[in-house]
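*Asks:* A structural model of the following input is requested.
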Amino acid sequence: MAMDQFSATDAALAGFRAASEKPKTVAIWAGIMAILSFVVAALVLSAFGDKLTALTEALEADPDPQTTMAAMSGLWPLFLASMVYVLITNSVLVAAVNRLVLRPHDSAGAYLRLGGAELRQAAVQVLLYLVLFGAYFIGVLCLAILAGVGTAIGGQGLGVLLALVSFVALIAGLILLSVRLSFVSTLAFDTGRIDLKASWDMTKGRFWPLFGTYLIATVLAAVVYLLLFVMIAAVGSIAAVAMGGGLASVGDALQNEAKSLKDLLSVSGVISSLLQGLMSVLVSLIVFAPAPTIYAQLKGRDLTDAFG
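*Replies:* Sure, this is the predicted structure:
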């Protein structure tokens, strides 16, 4: 394969191939994520359980904005902590996936680290969020202006039409930007530099193959997520029936949500935590693996050690 080409099929399936070639690594990741999720859930239920219950009841009983905001007032520390937790875990997993693909021999600690590479991944995530949010904000502003001008010139019909066209253009622009910047994470890992321009240059002329690869990977990740979600719901339902619960308890189990420490510490709660750990790892692997795989192919690197 020429250095300026890549196999979209191989890249889209990179996550599955990595899981099949390194099942022990995936099992370790899943176990760590399950333990982390379990501990975090226990802490959240202990510290915010009553407030979360109040918020759920407020949303179910009265979706009034003022009532909802009042119920959310004491949950801002939880929201902020959740954002930090997601940022850290994603940074570690993204770096681990890049390490697995680009440096397969560096397998100590199941490719997991807490160091400079992970800090750069966190910075990349924040930077890309700001870039995409900034693009979205500017797009929405342009949409509002075009809709207003269209309404003033040709009436409400023209305004709605321009708003619709602008909205489609906005979504297309965000997708284009996301694809063209999709190598920033891998470049940061491989070169130690956060370089938006380098990603833009590497993806030039390759939008459609890249978009197709990422789309396939996203669909596959969604299928895996749904399958594992069904498994988690089934475990909860079986446990609910085995414990003598009725239809109401089965319905609660299908919601896949532990409402108390007792629920979390139950057999079904522990099994669900393990499956959720596996779910998060597999989905992350399927979504994150294509970019470093394509990058390696474009660089002419041998991926035999990573994928067999």
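*Asks:* For the helix or strand residue 222 falls within, give the mean pLDDT please.
*Replies:* Here residue 222 sits within helix 207-242, counting by DSSP states H and E. Model confidence over helix 207-242, given as mean pLDDT, is 82.
*Asks:* Low-confidence regions, the protein specifically.
*Replies:* Residues of the chain meeting the criterion pLDDT under 70: 1-4, 49, 52-71, 235-269, 306-308.
*Asks:* let's go with 50 and repeat that
*Replies:* 1-2, 245-254, 256 (pLDDT under 50).
*Asks:* ok, residue 19 - contacts?
*Replies:* Residues counted as contacts of residue 19 (CB atoms under 8 Å, 6 or more residues apart in numbering) are 26, 282, 285. Using the backbone N, CA and C atoms, a C-beta is placed for each residue, glycine as well.
*Asks:* For residue 96, give me its contacts.
*Replies:* 29, 110, 111, 112, 113.
*Asks:* If I follow the layout properly, the second one ends up in contact with residue 25?
*Replies:* When you say that, I think you mean residue 110. Yes - the pair residue 110 / residue 25 is scored as a contact, 4.9 Å apart, by CB atoms under 8 Å.
*Asks:* hmm, back to that, which of the contacts of residue 19 sits closest to residue 196?
*Replies:* When the contacts of residue 19 are compared for distance to residue 196 (CB to CB), residue 285 wins out at 25.0 Å.
*Asks:* Number of residues surrounding the closest one?
*Replies:* Neighbourhood size, residue 285 [other CB atoms under 10 Å]: 27.
*Asks:* From residue 276, how far out is it?
*Replies:* Distance, residue 285 to residue 276, using CB to CB, to the nearest Å: 15 Å.
*Asks:* cool, and residue 168?
*Replies:* Taken as CB to CB, the span from residue 168 to residue 276 is 36 Å.
*Asks:* cool, residue 37 as well?
*Replies:* For residue 37, the distance to residue 276 - CB to CB - is 6 Å.
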